[in-house]
Structures are given as structure tokens and as C-alpha cells.
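Asks: Below are the sequence and a predicted model for it; my questions follow.
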Amino acid sequence: MLQYRDGDATAFDLLYARHKGALFRYCLRHCRERSTAEETFQDVWMRVIGARRRYEPRAKFTTWLYRIARNRVIDGYRSDNPGRFQPLDDDGEIGALPAADRNDEPDRRLASDQQAVRLRTLLAGLPAEQRDVFLLHEEAGLGLDAIAEVSGVGRETAKSRLRYALSKLRAALKERP
Amino acid sequence: MNPEERDEEMLREFLEGDSALSRLYRRDAHEEPNAGLDATILAEARRNLARTSHVAHSPFARHWVVPTSLAAVLVLSVSVVLLTPDPVRHPGVEFDGVAESPAPAGSLADAPETAASGEELSAPARQQRADEAVGKSSEKRERKAARFKSVPGGEQQPRPAPAIGAGVAEEAAAPSVSRTPAEPLPGRQAMPADTVQADPAAWLRFIESLLKEQNPQAARSNLRAFRTRYPDFSLPAALMPLAASLDAERP
């Protein structure tokens, strides 16, 4: 990012190639529809590009990137059309199957592992904060400290959220084969 | 293993990346943005670079902008100093009143005389000065002195524009008092500068030169002032007759 800030366009190409998949899936898991995820994903990168000249390496780039993404997702939740994002409520119950999964291509659903699909479905039904910490670890590869920094909470809070998420997913996978 | 320990163990395995849940999630997590979205974002990244000046934000510019600015200021300063005319190295260029110019006899040398013996500027003395103004070399010095002081009429004499080298010739014709302190000056400029008056031997040589240039009145005035200031200083033989005539004038 420093090289891109100093005018190296190819540095941004490398940066984008390194992070685009994980960030896209992070957005996709938080959104009900792919188009919303694409819109969110593009907006995150536009913010990164717009902040180029002001960028200072105060934290790891990944931490900074996912903080932007998380804020953008929260903005989406709070927008006029919250139905485009996964539920924000924290009732602790696994939600219904998201529309994105129902619209998946039949061939792909058939080819994918049934348990994996089920996990994604269960993940979509998690409370947003628990889903978020799960994704920040699985997609961004962040540890507990970085997850806490991105989420703006303490380490123990982040740990507690993650523990709850894992416990619910594990229990749901066992109960609903 | 109680439920809390089981959750803690599950969390540890998950954070280490080798839990069954992680493997299950990654099995089908391969979605990527489409090529159109990639192109849009990469193009915007390049547009953002193009909007800002590449030169101004390049690593080279960031690192060298301050040293380059300092070097430019230094070069400009040296150029200005070198190109500015120096009155010492370019005597043809006139700077009125600069120290390098010869001591203006009409101003500097005249001041002590007027202050010390204002009553001596009687009518005969002024007449004598008028007579002393005759002479080619004297006229030249008069013109030079006029650069520094108004003529008795009260108007500044127009000064002809000096040709290249004229200033040098004029300087040679009228050297400064410090270089030839004993050189006589005509008329009201007959008294030497204070530096000469401070040196009795130099002042006597000055008086002798006045006599040689047939300027007896100026020589008398100077010798009178000299004896007032240095009453015990022995006079050279050449000035003894003049001193005797001064003694004869005393009542």
C-alpha cells in the first residue's frame, strides 16, 4: 500500500490480487444477495483507493482493510434497505436459509459437499457479530487481537463471540444432519 | 471434559486453523469477484494515480524536493552576488560617498578648519582661495569634490556621465588623502584631513608641498594651525622662513 501511495500502480494490482477473494467472500457472507456483496466489495476498494494519499501504516494493511469493510457492512445493515444484508439481530438463534443460497446454481449445489453448504447456511443465520468474528478469522486470517482491533472491542469480548459462534455451529451441525 | 473445556479446546483448534469446522468451511469457500468488477476497481486505482501528479508524489520527488530547493536557492544567491557590480573592482561605476573614494577635501578637510578657526575665513582668505582655484589639476579636483558637496552657489553641479576608464584616470589624477596625504588642495580645500593633522610629520610634508606648488597662503594657514596644535614640534629648515614670517605678524 505504501508503494501504491507513492505512485506504483502495479503494487495495487498485487495488493488487490492478494486480498480480493477473501474480502469478497467476507462481504458475500454478510449479504443476502451477490449483487449487494459486489456493491459492498467495490465500495470498500474505492475507499481504499480514495485514502491512498492519506495512508499511514499505523496497523497491518489487512486489519485496516477489514475495518473499512466491517464499517461498510454495518452501514449496509443500518441503511434504508437492511433486507439486503444478513440479519443484524443478536437473538442467538440460527436463522432461515438465506436467499443467496436458494438462488445458487443447481449444478454447483449438487457438486458441493452437503455439509459445507449446510455450514454456510448456518453461518448466515448466526448473529452478525458472531458471524463477523468467524469470518474475520476464516477469511482474513486474523488472530484474536486483530479481530478485537477491527471490531473495536476487547480481546475477551471477541473471544467470547467466537466461542459462541463455534458452539452454535457445532451444535447445529450435529442436530441437523 | 466438561462443556467449557470442550468449547475452549474447540476455540484453540479453530484459531490454529486445523479444526474440522475450518476445513468444512473452506471446502466450498472459493467465490471470487467477476472479471468486470476486477477491471473496474483496477482502472479506478490507476485513475486515482493519474489525477495526482506523478512527479510530485514519486519517491524521487519526495526524497529530493528539499535538497533540490536548497541547491536552487544557493545557486541563485551566488549568482546574484557575483553579478552585482562591485565598486572596488569596477571603479568606473561611481558611488558617491563610499569610503573608497578620495577624501572629499571640500567636506571632510574643510570641517576642522571652519570649526576651529571660523574667524580666519576672512575676506583675504576667501580671495586667496579664489586665486588658488586656478590651475588645471586644481580644477580637476574641484570637479571631483563637487560630487560630494554642493558648490558655493548652493546648486549641485551636473556631473557628466563617466566613460569606461575615465573613473580610473580620475582616481589616478586625484588620489585619496590616505594614499598621498601631503598632496595640496586648492582654495578652501587647503587643509588636510584629520588623519594627516593627527600625524605632525605628514602635516609638515603637506605644508611643504603647498609651498612648492606656489600656494603660500594655504601654507601659512596650515603652519599657523600646526603650531597651535604642536607648539613644541621642531620644524624643518624649509619651513623656517615661513615660520619666521608668522612670528613677525604677531603683535
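Replies: Received it, and whenever you're ready, just let me know what you need.

Asks: got the residues of chain B near chain A?
Replies: By the rule C-beta under 8 Å from any C-beta of the partner chain, the part of chain B lying against chain A is B:7-8, B:10-11, B:14-15, B:21-22, B:24-34, B:37-38, B:40-42, B:44-46, B:48-49, B:52, B:54, B:57-59, B:62. (Each C-beta comes from the backbone N, C-alpha and C, glycine too.)

Asks: What's the nearest residue in chain A when you look at chain B?
Replies: Nearest residue of chain A to chain B: A:Ala116, at 3.9 Å (C-beta to the nearest C-beta).

Asks: Let me know whether that residue touches B:Leu24 as I believe.
Replies: Yes: between A:Ala116 and B:Leu24 there is a contact under C-beta atoms under 8 Å: 5.6 Å.

Asks: coming back round to it: residues of the strand or helix carrying the residue of chain A closest to chain B that come out buried?
Replies: If you go by DSSP states H and E, A:Ala116 is part of helix A:114-124. Neighbour counts over helix A:114-124 (16 or more other C-beta atoms under 10 Å in any protein chain shown) mark A:116-124 as buried.

Asks: And for stretch A:40-57?
Replies: Residues of stretch A:40-57 classed as buried under the neighbour-count rule (16+ other C-beta under 10 Å) are A:40-46, A:48-49, A:52.

Asks: Among those, which are located in helices?
Replies: Using DSSP state H, A:40-46, A:48-49 are the members of these that sit in helices.

Asks: Most widely separated two among those residues?
Replies: A:Thr40 and A:Ile49 (15.2 Å; C-beta to C-beta).

Asks: that older thread, report the rounded mean pLDDT for the helix holding A:Ala116.
Replies: The average pLDDT within helix A:114-124 is 83.

Asks: Output the following helix or strand past that helix as PDB, nothing but the C-alphas.
Replies: Note on helix A:114-124: by DSSP H and E, the next helix or strand toward the C-terminus is helix A:128-138. The C-alpha coordinates for helix A:128-138 follow below in PDB (Å, rounded to 0.1, in the frame of the first residue of the first chain):
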ATOM      1  CA  ALA A 128     -24.000 -10.600  12.800                       C
ATOM      2  CA  GLU A 129     -21.300 -10.000  15.400                       C
ATOM      3  CA  GLN A 130     -20.600 -13.800  15.900                       C
ATOM      4  CA  ARG A 131     -20.700 -14.300  12.100                       C
ATOM      5  CA  ASP A 132     -18.300 -11.400  11.800                       C
ATOM      6  CA  VAL A 133     -15.600 -12.700  14.100                       C
ATOM      7  CA  PHE A 134     -15.900 -16.200  12.500                       C
ATOM      8  CA  LEU A 135     -15.300 -14.600   9.000                       C
ATOM      9  CA  LEU A 136     -12.500 -12.300  10.200                       C
ATOM     10  CA  HIS A 137     -10.600 -15.400  11.200                       C
ATOM     11  CA  GLU A 138     -11.500 -17.700   8.400                       C
END
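
Asks: For chain A, which segments count as helices?
Replies: Taking DSSP H as the criterion, chain A carries its helices at A:2-5, A:9-30, A:34-50, A:61-77, A:99-102, A:106-111, A:114-124, A:128-138, A:144-151, A:155-175.

Asks: By mean pLDDT, show me the worst of those helices.
Replies: If you rank the helices of chain A by mean pLDDT, helix A:99-102 sits at the bottom with a mean of 44.

Asks: Give me the below-cutoff pLDDT ranges for the stretch 1-150 of chain B.
Replies: B:1, B:53-62, B:86-150 (pLDDT under 70).

Asks: rerun that using 50 as the cut-off
Replies: Scanning the stretch 1-150 of chain B for pLDDT under 50 picks out B:91-123, B:130, B:133-136, B:144-150.

Asks: Can you name the residue of it nearest to chain A?
Replies: In the stretch 1-150 of chain B, the residue that lies nearest chain A is B:Asp28 (3.9 Å; C-beta to the nearest C-beta).

Asks: Surely that residue touches A:Arg120?
Replies: Yes: if you go by C-beta under 8 Å, B:Asp28 and A:Arg120 touch, sitting 6.8 Å apart.

Asks: before we move on, back to that, restricted to buried residues, select the residues of chain B next to chain A in ChimeraX.
Replies: To isolate the buried members of the residues of chain B next to chain A in ChimeraX, using 16+ other C-beta under 10 Å:
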select /B:7,10,11,14,15,21,22,24,25,28,29,33,37,38,40,41,42,44,45,48,49
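
Asks: for stretch B:240-249, which positions count as buried?
Replies: Under the neighbour-count rule (16+ other C-beta under 10 Å), stretch B:240-249 has B:242-243 buried.

Asks: if we look at that stretch, which residues are touching it?
Replies: With C-beta atoms under 8 Å, 6 or more residues apart in numbering or on different chains as the test, stretch B:240-249 has contacts from B:207, B:211, B:216, B:219-220, B:223-224, B:227, B:235.

Asks: quick check: mean pLDDT across it?
Replies: Mean predicted confidence for stretch B:240-249 is 86.

Asks: OK, contacts around the nearest residue to B:Asn48 once chain neighbours are set aside?
Replies: Spatial nearest neighbour of B:Asn48, excluding adjacent residues (C-beta to C-beta, 6 or more residues apart in numbering or on different chains): A:Ile49 at 4.9 Å. A:Ile49 makes contacts with A:12, B:41, B:44-45, B:48, as judged by C-beta under 8 Å, 6+ apart.

Asks: What is the most widely separated pair among those?
Replies: Every pair of these checked by C-beta to C-beta; the farthest is B:Ile41 and B:Asn48, at 10.7 Å.

Asks: which one is the spatially most central residue of chain A nearest to, not counting chain neighbours?
Replies: Centroid-nearest residue in chain A, with C-alpha atoms, centre = their mean: A:Tyr26, separated by 2.6 Å. In space, A:Tyr26 comes closest to A:Glu139 once its chain neighbours are excluded; the distance is 4.6 Å by C-beta to C-beta, 6+ apart.

Asks: List phi and psi for A:Arg78.
Replies: phi -90, psi 0 (degrees, to the nearest 10).

Asks: Compute the distance between it and A:Val150, please.
Replies: Using C-beta to C-beta, to the nearest Å, we find A:Arg78 at a distance of 18 Å from A:Val150.

Asks: can you check A:Asp6 too?
Replies: Counting by C-beta to C-beta, the gap from A:Asp6 to A:Val150 is 26 Å.

Asks: Those two: which is more packed in?
Replies: Using other C-beta atoms under 10 Å in any protein chain shown, the more surrounded residue of A:Asp6 and A:Val150 is A:Val150, with 25 against 18.

Asks: for the more buried one, what are its contacts?
Replies: A:63, A:66-67, A:70, A:136, A:140, A:142.

Asks: Try it again at 6 Å.
Replies: Neighbouring residues of A:Val150 by C-beta atoms under 6 Å, 6 or more residues apart in numbering or on different chains: A:63, A:66-67, A:70.
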